[in-house]
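Undergrad: with the sequence up front, the predicted model follows.
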Amino acid sequence: MAVSWARRALARAGLAASRTFATEAKESEIVVEDLARRLSNVCEVSRSADVRKQHATDEGTERGMFPPDLVAFPSSTEDVSKVVEACTDLRVPMIATGALTSLEGHLRHLRGGLAIDVTKMSNILSVCAEDQTARVQAGVTRMQLNEYLRDTGLFFPVDPGADATLGGMAACRASGTNAVKYGTMRDVVGGLTAVLSGGRVVRCGGSGAARKSSTGYDLSALMVGSEGTLGVITELQVRLAGQPGATVAAVCPFETIEGAATCVAEIVQCGVPLARCELLDAVAISAVNEHSGLGLRELPTLFFEFTGSTESAVEGEAELAGSEGTAHALLRIHGEVSLLLLAVVLASDLASPSRSTESAVEGEAELAGSIVADHGGGPFKFSSTAEERSRLWRARHEAYWAALASRPGCRGVVTDVCVPLSKLAESISRAKSLASEVGLRAPTVGHVGDGNYHLLLLVDPANPDEVKAAKRVAMETGAHAIELGGTCSGEHGVGVGKLPLLEREHGRGALEAMVAIKRALDPHGLFNPGKIGSEAISREQRGERGRGDVGTCPSTTRHATL
């Protein structure tokens, strides 16, 4: 039988656990009390049952499962260092938490232990407008940072929808609606500070202010996407973008979702520079209409947003796109040279460029228009005022909650596959077919400009058959995406939900390398155990799970005081 973390901690303290305490729950209680005493001089600590349950609750279907035994609220890197040092001494497992918006079971404390809540670490430490960078504590949220930047002419471009903490977004390598233009958290994190096993503080990426560096291992990239399994991110140096001078949003419906997906792929392949391109299927449009009162046609729809340095340029870009199609897509095209020239051609009150340039741009317009028409695209509806754009994008961001509201009392099992654009239509079609076969309502939304989409499988959490069917659809959708050359998760991360697909996507050798990296940086296996890099994962996936190994399913037994 495996020895619990509590028993190991007592052994390190020189106490004979086997006879002194009747149950392992009692052993855990002793260690938790010791940890609480040590941390009380460092930061706020809570043992409230409600607070502990909250820190095991995310936006997934299984809420409040596997709560921690204790929650700490540090306010600085120094606090986190002391907390991690105490946990390492006592061999107590720990998980860093933020806004609690994850979807894949990242917050399940499979071995109990401590939740390190970073939301009190909410200071914006510095902003350098000239270098377009900011340094923030991990608990700063994206909306908080953008509000702070509002008068600087800059903004933080990664937008996953939820008002997540930047530390959590980095840990899960989040992206969102702007990724096709600005990239993901992998692209905007220039450097970070993290606390490793034993309380060691490391600054990854140097200052993070330089645009590039070719020195040393890229430890920042290693921490971004590690999902808290290697250490606790406490500070980030992030890259900012300039706010566009003018913006026009548009929606465009298509007769079929396959037509919309194929159209986007072809437009990208033809070199049209997109900044945002979002797809909602007819079911999602129906939910959004009811939830936000938009009144859109209930067809697969592309949402577009065009931006540029001047209003006339954007109007020209919008006019070009308006000649193209009808899927509800959100497209954001920034004022690059070719598009500015295109705007000049299309705006009748502006002087015409040279004939050669005009001919080239007219050719692009004609090509794009024919692509949309070929795939059943329809007329564009434009929104040029800030209020109209805000309403439109708010509706897109609230599509998840609109979908949940369409079936009161339901929860969502959410897929997160990302596939090559050439395979996007095939992947979406297969996913919708799988959901239909099991009779589940499944609104579909996606950042289709980069091949990422989400099937929102609506289930009654009290109906185990529905939950089981939805998870089967999610797993098969992920497996199919991998077969198409894609990934089972484009932005939500692995958590416990995607663990069974890791070996299929990366191969045995890569998983073993992940285990070796975790063992080197987290020798005691205390950071978010049972997730990425845990030895139990590779053994279980090989069918070699031993007694006492911590698995990745809700029925896993753990030793903790609940």
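TA: Noted; the coordinates are in hand.

Undergrad: these two touch, right, Lys498 and Gly478?
TA: Yes. If you go by C-beta atoms under 8 Å, Lys498 and Gly478 touch, sitting 6.7 Å apart. For glycine as for every other residue, the C-beta is placed from the backbone atoms N, C-alpha and C.

Undergrad: joint contacts of those two?
TA: Shared contacts of Lys498 and Gly478, defined by C-beta atoms under 8 Å, 6 or more residues apart in numbering, are found at 488-489.

Undergrad: number of nearby residues for His524?
TA: Using other C-beta atoms under 10 Å, His524 is surrounded by 16 other residues.

Undergrad: how about the contacts made by it?
TA: His524 makes contact with 88, 91, 197, according to C-beta under 8 Å, 6+ apart.

Undergrad: any idea how far it is from Asp89?
TA: Plainly put, His524 is 10 Å away from Asp89 if you go by C-beta to C-beta, to the nearest Å.

Undergrad: ranges for the helices of the stretch 351-500 of the chain?
TA: 355-374, 386-397, 399-405, 424-437, 464-483 (DSSP state H, counting those that start in this stretch).

Undergrad: quick one, which of those is nearest to Val158?
TA: When the helices of the stretch 351-500 of the chain are compared by C-beta to C-beta, helix 386-397 sits nearest Val158, at 13.4 Å.

Undergrad: what's next to that closest one, contact-wise?
TA: 161, 177, 247-249, 251, 278, 280, 288, 291-292, 294, 303, 305, 330, 383, 402, 445.

Undergrad: the same query, at a cut-off of 10 Å, please.
TA: 159-163, 176-177, 247-251, 276, 278, 280, 284-285, 287-289, 291-294, 296, 301, 303, 305, 328, 330, 381-383, 385, 402, 445 (C-beta atoms under 10 Å, 6 or more residues apart in numbering).

Undergrad: mind giving me the ChimeraX select for these, buried ones only?
TA: To isolate the buried subset of the contacts of helix 386-397 in ChimeraX, counting by 16 or more other C-beta atoms under 10 Å, use the following:
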select :159,160,161,162,176,177,247,248,249,250,251,276,278,280,284,285,287,288,289,291,292,294,296,301,303,305,328,330,381,382,383,402,445
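
Undergrad: next up, phi/psi of the residue nearest to Ser122 when sequence neighbours are not counted, please.
TA: Excluding the flanking residues, the one nearest Ser122 by C-beta to C-beta, 6 or more residues apart in numbering is Gly139, at 4.4 Å. Main-chain dihedrals, Gly139, degrees, to the nearest 10: phi -90, psi 0.

Undergrad: from what I can see Gly139 touches Gly168, true?
TA: Yes. With contact defined as C-beta atoms under 10 Å, Gly139 counts as touching Gly168 (9.0 Å).

Undergrad: ok, those two, which is more surrounded?
TA: Each of Gly139 and Gly168 has its neighbours counted (other C-beta under 10 Å); Gly168 has more, 29 against 24.

Undergrad: one step back: what touches both of His524 and Asp89?
TA: Joint contacts of His524 and Asp89 (C-beta under 10 Å, 6+ apart) are Gly198.

Undergrad: point out where the stretch 251-400 of the chain drops to low pLDDT.
TA: For the stretch 251-400 of the chain, the stretches flagged by pLDDT under 70 are 273, 306-370, 380, 383-384.

Undergrad: what are the ranges of the strands in it?
TA: Counting by DSSP state E, counting those that start in this stretch, one finds strands in the stretch 251-400 of the chain at the ranges 277-280, 301-308, 381-383.

Undergrad: CSV for these, including distance to Gly112?
TA: As requested, the strands of the stretch 251-400 of the chain are exported to CSV (distance: least, C-beta to C-beta, whole Å):
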stretch, distance to Gly112
strand 277-280, 40
strand 301-308, 44
strand 381-383, 50
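
Undergrad: between these, which gets nearest to Leu457?
TA: Across the strands of the stretch 251-400 of the chain, closest to Leu457 is strand 277-280 (C-beta to C-beta), at 15.8 Å.

Undergrad: list the strands paired with that closest one, with their directions.
TA: strand 301-308 (antiparallel), strand 444-447 (antiparallel) (DSSP bridges).

Undergrad: same list (those strands) but as a markdown table, adding distance to Ala474.
TA: As requested, those are exported to a markdown table (distance: least, C-beta to C-beta, whole Å):
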| stretch | distance to Ala474 |
| --- | --- |
| strand 301-308 | 24 |
| strand 444-447 | 13 |
